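**Q** can't give you the sequence, but here's the structure:
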């Protein structure tokens, strides 16, 4: 395939509407993730290659601070950006709870797709530009912007494979709804990096397990994945009723099987 073909694969993805509203509503959920033990697979992958002591890190889509906090604890100074005000509010709460010094991190609400590095003074500024599962990294331009902000390393991760029991059951009601092909997306980014002369270290992590399933709490997430208008109350109520029926049938448990692909490369 040609470079243009890979770029077209990325740029042709459907983006969910009302991104800020979606992530604002899910902020407390991500705050709960932040309070869990740090993801040592990701952190070890990075720390085996980079001494974080004294590093300046840009955390794109920092959410409620899940990686920002362990980065600071490892000796780094971090700027965390996110599109959602509520995410940043919970990130500050989590930092305060962990005793993170306020002079070691900064939180900024902005959209990575829209931001201009030169206006922020971020051209080639950071030792590590970190984008973990960030929905803001979609088009190739957003990947190039990661590279433009780094003077040393860039980290990108995304799903390669994603399967959920509840998702598969709901999908039967929406057979025409377009799905993201995670493997193609990851491969497109990797091949474009290779074409541009970057050679990422790779790591893959499988996450398989069963989680409690709350139809009410999950209705927003599934609304944005399936509904043409995720703000339509009638459609949301119909989806919530369907989720409740599924939950009763499967015992309020959701089996989740995911593979995450990680890339870390030097500029």
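**A** Nice, thanks for sending it over. Because the structure is predicted, anything quoted here is derived from the model rather than measured.

**Q** How is residue 114 classified with respect to secondary structure?
**A** Recorded secondary structure, residue 114: coil (DSSP: H, G, I helix; E, B strand; the rest coil).

**Q** Now residue 234: which helix or strand?
**A** Per DSSP states H and E: residue 234 is located in helix 233-250.

**Q** Contacts made by that helix with the rest, please.
**A** By C-beta atoms under 8 Å, 6 or more residues apart in numbering, the list of residues contacting helix 233-250 from outside reads 165-166, 169-170, 173, 213-216, 218-219, 222-223, 226-230. In this view, the C-beta of every residue, glycine as well, is placed from N, C-alpha and C.

**Q** Go again with 7 Å.
**A** Helix 233-250 is contacted by residues 165-166, 169-170, 173, 213, 215-216, 218-219, 222-223, 226-227, 229 when judged by C-beta atoms under 7 Å, 6 or more residues apart in numbering.

**Q** Nearest to residue 258 among those?
**A** residue 165 (12.3 Å; C-beta to C-beta).

**Q** the strands in the stretch 101-250 of the chain, which residues?
**A** Secondary structure of the stretch 101-250 of the chain (DSSP state E, counting those that start in this stretch): strands at 105-109, 126-132, 150-164, 201-212.

**Q** Just the mean pLDDT for the last one, thanks.
**A** Same thing as strand 201-212. Averaging pLDDT along strand 201-212 gives 94.

**Q** Which strands border it, and is each parallel or antiparallel?
**A** Taking DSSP bridges as the criterion, strand 201-212 forms sheet pairs with strand 253-266 (antiparallel).

**Q** and residue 226, what does it touch?
**A** Applying C-beta under 7 Å, 6+ apart, the residues contacting residue 226 are 170, 174, 177, 239.

**Q** change it to 8 Å
**A** Applying C-beta under 8 Å, 6+ apart to residue 226 gives the contacts 170-171, 173-174, 177, 239.

**Q** Equivalent analysis for residue 47, please.
**A** So residue 47 contacts residue 74 (C-beta under 8 Å, 6+ apart).

**Q** what comes up buried for stretch 60-74?
**A** 60-72, 74 (16 or more other C-beta atoms under 10 Å).

**Q** Strands - which of the residues you listed land there?
**A** With DSSP state E as the criterion, strands contain residue 60 from among the buried residues of stretch 60-74.

**Q** May I see the buried residues of stretch 60-74 arranged in CSV, with pLDDT as well?
**A** Output for the buried residues of stretch 60-74, formatted as CSV (pLDDT from 0 to 100):
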residue, pLDDT
60, 98
61, 96
62, 97
63, 96
64, 97
65, 97
66, 96
67, 97
68, 98
69, 98
70, 97
71, 98
72, 98
74, 97
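
**Q** Make a markdown table from the buried residues of stretch 60-74 and add distance to residue 207 to it.
**A** Listed next are the buried residues of stretch 60-74 as a markdown table, based on distance: C-beta to C-beta, whole Å:
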| residue | distance to residue 207 |
| --- | --- |
| 60 | 21 |
| 61 | 18 |
| 62 | 20 |
| 63 | 17 |
| 64 | 19 |
| 65 | 20 |
| 66 | 14 |
| 67 | 16 |
| 68 | 21 |
| 69 | 20 |
| 70 | 18 |
| 71 | 21 |
| 72 | 25 |
| 74 | 23 |
